[in-house]
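Q: Predicted coordinates and the sequence they were generated for:
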Amino acid sequence: MWNLDFQPPEVIEARVLTRLPHAFRKPRRTDWVDANKPGHVMDSFLEGPVFDRAGNLYLTDIPYGRIFRIAPSSLEWELVEAYDGWPNGMAIHADGSLWIADYRRGILRRDAGGGPIETVLGHRNSESFKGVNDLSFDLEGRLYFTDQGQTGLHDPTGRVYRLHADGRLDLLLSNAPSPNGVAASADGKVLFVAVTRGNQVWRAPLLPDGSLSKVGALQTFFGTSGPDGLAVTADGGLVVAHASLGGAFLLNARGEVTHMVRSPAGQTVTNIAFRPGTRQLVLTDSATGSVLEAELPVGGAPLFSHATDSRHQA
């Protein structure tokens, strides 16, 4: 049961905004492909959509360690980074820097003006991460990120962390079967976590002392994979990308599925982002190298990347 009126979710048809150009496609096997898509030969696997203040869209290509930038008007693709890593989720700081969850190397940072990628956090107390996956800032500039690795129902030890601006690191969850997308509510009182192999979205109340309490399942899905990227809506709901059901789902504040955004390209919709200040949602259809777009009935919540308060500009 997905909603209390017992009606199916309304379907919103997404459209293909742009595709990875042929010149950037590299159909071959890599260690990442062998581990995560065994038996496949892949030319890309797009993830991590984020917008900067100029309207440029940034994307990662995990198996080839690439970061692309797409211009807002021409939709021209530019390769801005190619390095020895597996970049997955991304977030933009209020200072314009690009933060990257890299499965191999931890939490990385690229200055707004370019320059070398630097490591922000490569391990915790000398212990390597399992494999970080996604990350997002709350409106106070605290960074939440997931440490997914190869966890699942067979090994429910995935972790969720919070990194403060002063470097303090909190371990919030350590029992998630494949934590993936992560996002805090606009008021900072709730943390949402996409738990891929559990096929659920968890809702975790954030207490005044910073700890979590009474974590529960907001919504349960099905499929050969599960929820992936998340985006909070302006009315307190949530958009959930699903990596095997061919689209994304719009949830209201009660967790009811009100709409499905359906992909015209493929089944592997991994991540999502609102164009800041609009109701336009972009989605990565990773297996086909496509970027999709759809108009939703509600816009996205405010983002730290577009904050104007001077205290966020440190």
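A: Arrived safely.

Q: Just the endpoints, please. Distance across stretch 90-97?
A: 10 Å (CA to CA, to the nearest Å).

Q: Identify all contacting residues around that stretch.
A: 48-53, 58, 60, 67, 98-101, 109-112, 135-137, 141, 143, 303-307, 312-314 (CB atoms under 8 Å, 6 or more residues apart in numbering). C-beta: built from backbone N, CA, C; applies to glycine.

Q: Give me the ChimeraX select line for those, limited to the buried ones.
A: Here is the ChimeraX command that selects the buried residues among those (16 or more other CB atoms under 10 Å):
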select :48,49,50,51,52,58,60,67,98,99,100,101,110,135,136,137,141,143,303,304,305,307,312
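
Q: in whatever helix or strand Val291 lives in, what's buried?
A: Per DSSP states H and E: Val291 is located in strand 290-295. Neighbour-count burial for strand 290-295 flags Ser290, Val291, Leu292, Ala294 (criterion: 16+ other CB under 10 Å).

Q: now do stretch 192-206
A: Residues of stretch 192-206 classed as buried: 192-204, 206 (neighbour count, 16+ other CB under 10 Å).

Q: Counting residues, name the longest strand you see in this protein.
A: In the chain, taking DSSP state E as the definition, the longest strand is strand 169-176.

Q: Between strand 169-176 and the next helix or strand after that one, find me the angle.
A: The first helix or strand that comes after strand 169-176 along the chain, using DSSP H and E, is strand 179-184. Strand 179-184 runs at 130 degrees relative to strand 169-176, counting by axes from the mean of the first three to the mean of the last three CA atoms, to 10 degrees.

Q: outside of strand 179-184, which residues touch it?
A: By CB under 8 Å, 6+ apart, strand 179-184 touches 89, 133-136, 138-139, 142, 144-148, 151, 158-160, 173, 190-196, 206, 226-232, 238, 240-241, 271.

Q: Which helix or strand lies directly C-terminal to it?
A: strand 190-195.

Q: So which elements touch that next one?
A: Judged by 3 or more CB pairs under 8 Å, 6 or more residues apart in numbering; DSSP states H and E, the packing partners of strand 190-195 are strand 158-163, strand 169-176, strand 179-184, strand 200-205, strand 227-232, strand 238-242.

Q: Any buried residues in the second one, and which?
A: Buried positions in strand 169-176, judged by neighbour count with 16+ other CB under 10 Å: Leu172, Leu173, Ala176.

Q: can the residues you listed go into JSON lines with extra columns for pLDDT?
A: Listed next are those as JSON lines, based on pLDDT from 0 to 100:
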{"residue": "Leu172", "pLDDT": "97"}
{"residue": "Leu173", "pLDDT": "98"}
{"residue": "Ala176", "pLDDT": "98"}
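
Q: wait, which of these is closest to Leu4?
A: Nearest to Leu4 among these is Ala176, at 27.1 Å by CB to CB.

Q: Leu163 against Arg142, yeah?
A: Yes. The pair Leu163 and Arg142 qualifies as a contact (CB atoms under 8 Å) at a distance of 6.9 Å.

Q: what helix or strand is Asp134 on?
A: strand 132-137.

Q: I'd like the average pLDDT over that strand.
A: What strand 132-137 shows for mean pLDDT is 98.

Q: list the helices and strands the helix or strand following it packs on?
A: Next along the chain after strand 132-137, taking DSSP H and E as the criterion, comes strand 143-147. Judged by 3+ CB pairs under 8 Å, 6+ apart, the packing partners of strand 143-147 are strand 98-102, strand 132-137, strand 158-163, strand 179-184.
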